[in-house]
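Participant: sequence first, then the predicted structure:
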Amino acid sequence: MNRFYFWINSVLKLSKTEANGFVILISILLLISIGNYGLKYFIPNQDLSAQDQLILDSLLEEINAYAYYDSTTHYKPKPKEKKEYNYKVRNTAKKAFNNTNSPARKTHFKRKNTLARFDINTADTSQLKKIRGIGSVLSKRIIKYRDILGGFVSTTQFEEVYGLQDSVIAQLDTLAFIATGFSPRLIFVNRADEYELKKHPYINAKVARSITAYRFQHGDFTGMEDLKALHTVDSLTLARIEPYIRF
């Protein structure tokens, strides 16, 4: 240590007190550098699931849909003056009107516009917007959720779309149907990687990691019984993802 202080004194021309301060400063800088580099190994990685990402995208769409631009400072054209017309009053006697001799008036009844039922898995935004309570934002949100889901297999899944009111869901239950024999987009569990698995709304990052880890340790899955062996997958999640997976 004395040699180190002697070297600092000979090179930097520092006293022993100044050399002690210099050594402490260098030590603090090294600790800060090592701490910043090591933080990423101790802070867990927080992945957003597809459902959370969908909610964030939906909120951004609503903000953009209801944003407006204050144009009160723009030039407003002067309103046109209304012209007044003087009509001459004719001095003609009013004819007596006898209700008993007049022909019966025809009553016109307006026909109610009944919406035709449609396939929810092939419907576009124009069909969805015919339902009262569904506008541009909600129609796009329904189709987006349908795409990341792989298709609706049950009308109860309408409740999972963020922002749909009960009255809108009731109309969808009445007007929308799922075609007989419809097959959703499938996920092949033994070939899909972790990123592909967690894109599905029913599979979060934790479940996706456990599936790939099981395959690495035990080999391919053979059926639903193997999935039940995973502690991260509960019975509700298994029932929801079963129509969308193949082995």
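Facilitator: That came in fine, so what should we check first? Residues are numbered from 1 along each chain as shown.
Participant: flag the shaky bits of this structure, pLDDT-wise.
Facilitator: 1-9, 11-14, 16, 36-49, 64-113 (pLDDT under 70).
Participant: who does the longest helix seen in it touch, helix- and strand-wise?
Facilitator: Among the segments of the chain that qualify as a helix by DSSP state H, the longest is helix 16-42. The contact analysis (3 or more Cβ pairs under 8 Å, 6 or more residues apart in numbering; DSSP states H and E) places helix 16-42 against helix 2-12. Placement of C-beta: from N, CA and C, glycine included.
Participant: helices along this protein, start to end?
Facilitator: Listed in chain order, the helices of the chain (DSSP H) span 2-12, 16-42, 50-66, 125-128, 136-149, 166-175, 194-198, 205-218, 224-228, 235-241.
Participant: can you list those helices in JSON lines and add mean neighbour count?
Facilitator: Shown next, in JSON lines, are those (neighbours: other Cβ atoms under 10 Å):
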{"stretch": "helix 2-12", "mean neighbour count": "11"}
{"stretch": "helix 16-42", "mean neighbour count": "10"}
{"stretch": "helix 50-66", "mean neighbour count": "13"}
{"stretch": "helix 125-128", "mean neighbour count": "16"}
{"stretch": "helix 136-149", "mean neighbour count": "18"}
{"stretch": "helix 166-175", "mean neighbour count": "15"}
{"stretch": "helix 194-198", "mean neighbour count": "17"}
{"stretch": "helix 205-218", "mean neighbour count": "16"}
{"stretch": "helix 224-228", "mean neighbour count": "14"}
{"stretch": "helix 235-241", "mean neighbour count": "14"}
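Participant: for residue 247, find the nearest of these.
Facilitator: helix 224-228 (8.2 Å; Cβ to Cβ).
Participant: with adjacent residues omitted, what lies nearest to residue 179?
Facilitator: Computed as Cβ to Cβ, 6 or more residues apart in numbering, the closest residue to residue 179 that is not its neighbour in sequence is residue 119, at 5.2 Å.
Participant: contact partners for the one you found?
Facilitator: Taking Cβ atoms under 8 Å, 6 or more residues apart in numbering, we find residue 119 in contact with 176-179.
Participant: do you know how far it is from residue 227?
Facilitator: Using Cβ to Cβ, to the nearest Å, we find residue 119 at a distance of 30 Å from residue 227.
Participant: re the thing from before, farthest-apart pair in the contacts of residue 119, please.
Facilitator: Longest span within the contacts of residue 119, Cβ to Cβ: 176 and 179, 10.8 Å.
Participant: of the two, who's got more company?
Facilitator: Per other Cβ atoms under 10 Å, whichever of residue 176 and residue 179 has more neighbours is residue 176, with 20 against 11.
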